[in-house]
Structure formats: C-alpha cells, structure tokens
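*Asks:* I would like the atomic coordinates for the input below:
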Amino acid sequence: MGKINWFRSYLAGLKQEFSEINSQRLLIDKSALTKYLEAHQSDNNLLLVGIMPDFGGKGLNADEFKLTNITQLMVLKKTTFSEINHEEFLDIFEETYLVIEKILEYILNSSREGCTELRFLNTQNIKLVPVWNLSSCNGWKIMLDFDMFV
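*Replies:* Numbering: from 1, shown residues only. Now for the predicted structure:
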C-alpha cells in the first residue's frame, strides 16, 4: 500500500475508533481545506481533517535513506459566532481538545505497538496547536512527523 492510501486508511480508522468524529477528509493544502470547511455543515461536527503529508529526505547516504513524513491532523467544529458567548466559545476548545488528546494517545499506542508507518514517530516534534476561526471552524491540530523507509 502506498503512503497516501495508508494515510487515508488511517484517517478512516480514526473516524471509526472515535464516536465523537462524524466526518473525516484528507486534503491537499490550505486552499482545499478552506473550500471544504466552507461547505461543511455544523450538524456534521466534529470533523477530522488530515493534511496531505510533505516528505523530506533523511540519511547520510543511499543505504541510510528514509523519508520524513510531516503532516497535521485537525479536529474541528463549525461555529456560528453570533450564536455563542465567550464561555461557549471556550467550551468548543475543551470539547475538541479532549478528542485530539484521545487521537494523540491512539497515535502513540500505534507507534508503541510497531505500526508499520508510525514505528519511527518523532515524539519530540509533536505539537498541539489551537485552530481559531478557520473558515468558521475552531478546534485543535496535531503537528507530527515520522520517518519512513522508501
């Protein structure tokens, strides 16, 4: 299985694993993300988005060569700002954080269990970052990278 199909399959597995997630999509870049989020309906929250990975080379020579997969996963909730107050706005970040934390733990377990693609997860580079008003969506993203053999 190729790298992209593996990632698509992994995202589908995350959606099945977490009942809080109602839809998921793998997108290529920010313009595709913006277009998709604008069409996303709030009654279909929470949304899991995977961003197509970038691949960089690593290794001193051809025998040591690996690809470093750099990607993001987002858990987002479509928000109508005129219908919520500040406390409800903060509740969105709490709700989506609880899910992104579960996903992170799932990813870490996949790495511990020797998942083919995630066994070389670079845990020191993992970042959890809030996402604010991205096409009226709010939530969290996980930024991560892992080494992969070619």
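*Asks:* doesn't Leu118 make contact with Ser110?
*Replies:* Yes - the criterion here is CB atoms under 8 Å, and Ser110 meets it with Leu118 at 4.6 Å. C-beta: built from backbone N, CA, C; applies to glycine.
*Asks:* Show me the helices in the chain, by range?
*Replies:* Using DSSP state H, the helices found in the chain span residues 3-17, 30-39, 86-112.
*Asks:* Show me what the shortest one packs onto, helices and strands only.
*Replies:* For helix 30-39, the elements it packs on are strand 23-27, strand 47-58, strand 127-134, judged by 3 or more CB pairs under 8 Å, 6 or more residues apart in numbering; DSSP states H and E.
*Asks:* which other residues reach that helix?
*Replies:* Here helix 30-39 makes contact (CB atoms under 8 Å, 6 or more residues apart in numbering) with 25, 27, 47, 49, 51, 76, 78, 134-137.
*Asks:* Buried members of these into PyMOL, please.
*Replies:* Command for PyMOL that selects the buried part of those, burial taken from 16 or more other CB atoms under 10 Å:
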select buried, resi 25+27+47+49+51+76+78+134+137
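*Asks:* Local confidence estimate at the residue nearest the centre of the chain?
*Replies:* Nearest to the mean C-alpha position of the chain, counting by CA atoms, centre = their mean, stands Leu73 at 0.8 Å. For Leu73, the pLDDT comes out at 95.
*Asks:* before we move on, what about Asn61?
*Replies:* Value for Asn61, per-residue pLDDT: 92.
*Asks:* how about it, phi and psi?
*Replies:* Torsion angles at Asn61 (phi, psi; degrees, to the nearest 10) stand at phi -160, psi 180.
*Asks:* which regions of this protein sit below the pLDDT cut-off?
*Replies:* 1, 42, 44 (pLDDT under 70).
*Asks:* if you set the cut-off to 80 instead, what comes out?
*Replies:* Scanning the chain for pLDDT under 80 picks out 1, 29-31, 33, 36-44, 115-117, 148-150.
*Asks:* that older thread, reformat the helices and strands packed on helix 30-39 as JSON lines; add distance to Tyr97.
*Replies:* Shown next, in JSON lines, are these (distance: least, CB to CB, whole Å):
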{"stretch": "strand 23-27", "distance to Tyr97": "18"}
{"stretch": "strand 47-58", "distance to Tyr97": "14"}
{"stretch": "strand 127-134", "distance to Tyr97": "8"}
